[in-house]
Each structure stands twice: as C-alpha cells, then as structure tokens.
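In: Pasting the sequence and the predicted coordinates here, then a few questions.
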Amino acid sequence: MEWIVLLSIGLAAGTIGSLIGLGGGVIIVPALLFFSTYTGYLQTISPQVAVGTSLVIMIFTGLSSTLAYLKHKMVDYKSGLIFFLGSGPGGIVGAWINQTLDMRTFNIFFGAFMIFVSLLLLVNHKLKPMPLKAENGIHRTFIDNEGRTWEYGFQPVIAIFIAFIVGLSSGLFGIGGGSLMVPAMLLLFLFPPHVAVATSMFMIFLSSIVSSTTHISLGHINWQYAFLLIPGAWFGAKLGAFINMKLASKTVVHILRLILILVGFRLIYQGFTG
C-alpha cells in the first residue's frame, strides 16, 4: 500500500505542478505530512524531511516538464537563467532558515499572500505594465498557439530580487517557488501564460538542485520515499505539460488562480492548527 500511495502522490504532484508551473511541492509536502501523521500508510516524518524530500522530487518534475516544453519552444531559458541567479542563493538561505523558523506564523502570512496574488490575477488585465527602460531592460516577443503576439520584458535587477524571494520560499517550504514566480511573470513582466509556466519549471529544476543539495547536507531526505515518488512525478510532469499546451491561455490563468487560493487557505489552516 505504501508504494501505491507514494506513486499516486508523485503522479498528482507532477501533473498539477507542470500544468501551472508550481513544481508540485504544494501537493507533496502536505500529502507526506498527512499520510505520515493521520494514517498508517506512511512512517511518521518531520516537516523538514517532507520539505527536503519534496525538493529532490522537484528536480525530476522540473527536468521532465522542461524537456516537454522545450520541444514546443515555450521555455525562455535565457530569462530562466537570469531568474536562477536569484533563486539559487535564495534556495540555500531558505533551506537553512527551515531548521529554526517558527513555521506557524510564517504559514499564516504566506497563505494570506497566496490569496492576495490570486485576487491580483482577477484584475491583471486592468493593470498597467511595469515601465521598462530601453537601455537596460530585457525585451522578448512570443507568438502563442492561438496566433496572438505577446510583448514582454523585465529589469534584470528587479527580476533577480523577486527570484531570490521565490528561491527562499522554495527552500523553506519545498513547494518549488512557482506559486510566486508565475504570478510575478504574468503581472509584472507580462509573460504569456504558457511561457511563464514553462520557464518557471525550468527555473524550478535549477533552483531545486541547489535547495535539495543543502537539505541533503542537513540530513533532511527520506530516500526510500523519494525513489518511490520520482516515477509518478516524472510521468505526471509530462502529462501536465501536454495538458497545458492544449489549453487556452486564459484557462491556464484560471487554474493557477484556483490553486493559489487552495494553497493559501491550506497554509493558513496549517498555521493555526500546526
């Protein structure tokens, strides 16, 4: 029964994470804690081990979905590498903070922020784009599968700072960081939804390597669970990428908003009851 539960968790996490660019940690971490604490299906593990194990899985989820998106030329890997300059160091800091932080208070505020971001996505079409200076801003053009041309871009310094916060949350919660990065790419940098998701998964792949390495050094990995989660997460990531490319851009945003609300309320509940 244990291996069935873990394969199922991995499949669900890979599919949902790849579909909307979250990475899947929002499924893995609470699922591991739930099944290990409230059922007899899994051995009891600490939140630190759940986070560390989740980040190992994020490496394979990120790689699998990135390879799928690369085939359709949806990954802006140049922007992803710039974001990684912030998310990599942030992941290391988050992993170390994970050992000592009062998670209850942080969960409440982080959950409230997730809900706030989801509300921003309701009015994102009314927001004015962040002004870009031609001399130092990075600009991109993308034509989606609906024939629509997207103009987007960002200031590298601002992007690296945001990515650092994303990496910190990834190392801290084991959630991959896409729940912050994708809305930032949509709202601040005007990324096309499909490109935002695909590029987020590429960044998650890179930052998860750094974050998980730190957690490995701290002994926060349950390798038995990791090896059983990986197959489901790998194939789930490919399935999520396939579904994403079949959906309209607005549908991807709607799914992202719903997931953010669910994640937000879950974190708030965890903060009050943990």
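Out: Great, that's in hand. Quick caveat, the model's predicted, so the values are computed rather than measured. Numbering: from 1, shown residues only.

In: By mean pLDDT, point me to the weakest helix or strand of the protein.
Out: helix 103-120 (a mean of 74; mean pLDDT, DSSP states H and E).

In: mind checking how far it is from the chain centre?
Out: From the chain centre to the centre of helix 103-120 is a distance of 15 Å (C-alpha atoms, centre = their mean, to the nearest Å).

In: ok, then the element right after that helix?
Out: Using DSSP states H and E, the helix or strand that directly follows helix 103-120 along the chain is strand 138-143.

In: Mind checking the pLDDT average for that following strand?
Out: Averaged across strand 138-143, the pLDDT comes to 85.

In: Which other helices and strands does it contact?
Out: In terms of contacts (3 or more C-beta pairs under 8 Å, 6 or more residues apart in numbering; DSSP states H and E), strand 138-143 is packed against helix 77-97, strand 149-154. Using the backbone N, CA and C atoms, a C-beta is placed for each residue, glycine as well.

In: Could you list the paired strands of the last one along with their orientation?
Out: It refers to strand 149-154. Looking at strand 149-154 with DSSP bridges, its partner strands are strand 138-143 (antiparallel).

In: which outside residues touch the partner strand?
Out: With C-beta atoms under 8 Å, 6 or more residues apart in numbering as the test, strand 138-143 has contacts from 76, 79, 82, 132, 149-156, 192, 195.

In: hmm, back to that, now do the least confident helix or strand of the chain and helix 77-97, the angle between them.
Out: Interaxial angle of helix 103-120 relative to helix 77-97 (axes from the mean of the first three to the mean of the last three C-alpha atoms, to 10 degrees): 150 degrees.

In: For helix 103-120, give me every contacting residue.
Out: If you take C-beta under 8 Å, 6+ apart as the criterion, helix 103-120 is touched by 47, 127, 169, 172-173, 179-180, 183, 187, 256-258, 260-261, 263-272, 274.

In: Can you mark which positions in that helix are buried?
Out: For helix 103-120, burial by neighbour count (16 or more other C-beta atoms under 10 Å) applies to 103, 106, 107, 108, 110, 111, 113, 114, 115, 117, 118.

In: send the alpha carbons of that helix over as PDB?
Out: Extracted in PDB, the C-alpha atoms of helix 103-120 (Å, rounded to 0.1, in the frame of the first residue of the first chain):
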ATOM      1  CA  MET A 103       6.600  28.000  10.700                       C
ATOM      2  CA  ARG A 104       3.100  28.700  12.200                       C
ATOM      3  CA  THR A 105       3.300  32.400  11.900                       C
ATOM      4  CA  PHE A 106       5.000  32.300   8.500                       C
ATOM      5  CA  ASN A 107       2.400  29.900   7.100                       C
ATOM      6  CA  ILE A 108      -0.400  32.300   8.000                       C
ATOM      7  CA  PHE A 109       1.200  35.300   6.300                       C
ATOM      8  CA  PHE A 110       2.400  33.300   3.400                       C
ATOM      9  CA  GLY A 111      -1.000  31.800   2.900                       C
ATOM     10  CA  ALA A 112      -2.600  35.300   3.000                       C
ATOM     11  CA  PHE A 113      -0.100  36.400   0.400                       C
ATOM     12  CA  MET A 114      -1.100  33.500  -1.900                       C
ATOM     13  CA  ILE A 115      -4.700  34.500  -1.700                       C
ATOM     14  CA  PHE A 116      -3.700  38.100  -2.400                       C
ATOM     15  CA  VAL A 117      -1.800  37.100  -5.500                       C
ATOM     16  CA  SER A 118      -4.800  35.100  -6.700                       C
ATOM     17  CA  LEU A 119      -7.000  38.200  -6.300                       C
ATOM     18  CA  LEU A 120      -4.500  40.200  -8.300                       C
END
